[in-house]
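Novice: Got a predicted structure plus its sequence, pasted below:
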Amino acid sequence: MYQLLITDMESLANRKLIDPKRLEPARDVQGYQALIASVLLLVFVGREHWEQIKDHTPLTEADFDRAEATAQRLSTALGDRDIGVNRAPAVELRSRAVSKLIRLYEELRRMMT
């Protein structure tokens, strides 16, 4: 999705339909977050200039909608991963194990005294 957008948007910039400087931040795609930000920027610029570019590009508004929706889903999934939504069962299991360990330790201490 990113490759399609950046290629077509750079082509439009080469034809002077879009300011090439607007695309500079979208060229740095080191990592998932940067990729998402780049796609969203390309979608924003494409929609902003839609009236000037619609006759000069194979991209459609549906392509922009699809790219934006995909970037939003990926962003949500990465956000969930970062805050640990998908790791909740592991966190709960670890918490229960630590609680059990503490109870057993206290019980052993009482037995020793």
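Specialist: Happy to help now that I have it. Numbers count the residues shown, from 1 in each chain.

Novice: my guess is residue 42 contacts residue 25, does it?
Specialist: No - if you go by Cβ atoms under 8 Å, residue 42 and residue 25 don't touch, sitting 9.8 Å apart. In short, each C-beta sits where N, CA and C put it, glycine included.

Novice: Contact partners for residue 61?
Specialist: Counting by Cβ atoms under 8 Å, 6 or more residues apart in numbering, residue 61 makes contact with 47, 50.

Novice: pLDDT score for it?
Specialist: pLDDT recorded at residue 61 is 93.

Novice: next one: the one 5 residues further on
Specialist: According to the per-residue confidence, residue 66 scores 94 in pLDDT.

Novice: so which helix or strand takes in it?
Specialist: Residue 66 belongs to helix 61-83 when assigned by DSSP states H and E.

Novice: Pull out the buried residues from the helix-or-strand element of the chain with minimal mean pLDDT.
Specialist: Within the chain, no helix or strand scores below helix 88-112, which has a mean of 80 by mean pLDDT, DSSP states H and E. Using 16 or more other Cβ atoms under 10 Å as the test for burial, helix 88-112 gives no buried residues.

Novice: and it, how far from the chain's centre?
Specialist: 37 Å (Cα atoms, centre = their mean, to the nearest Å).

Novice: what sits against the nearest residue to residue 15 once chain neighbours are set aside?
Specialist: Among residues not flanking residue 15 along the chain, residue 56 sits closest, at 6.6 Å (Cβ to Cβ, 6 or more residues apart in numbering). For residue 56, the contacting residues are 12, 15, 17, by Cβ under 8 Å, 6+ apart.

Novice: of residue 42 and residue 25, who's got more company?
Specialist: residue 42 (27 against 13; other Cβ atoms under 10 Å).

Novice: does residue 57 count as helix, strand or coil?
Specialist: Residue 57 carries the three-state label coil when classified by DSSP: H, G, I helix; E, B strand; the rest coil.

Novice: ok, it touching residue 13?
Specialist: No - between residue 57 and residue 13 there is no contact, the gap being 11.3 Å when judged by Cβ under 8 Å.

Novice: Nothing else from me, thank you.
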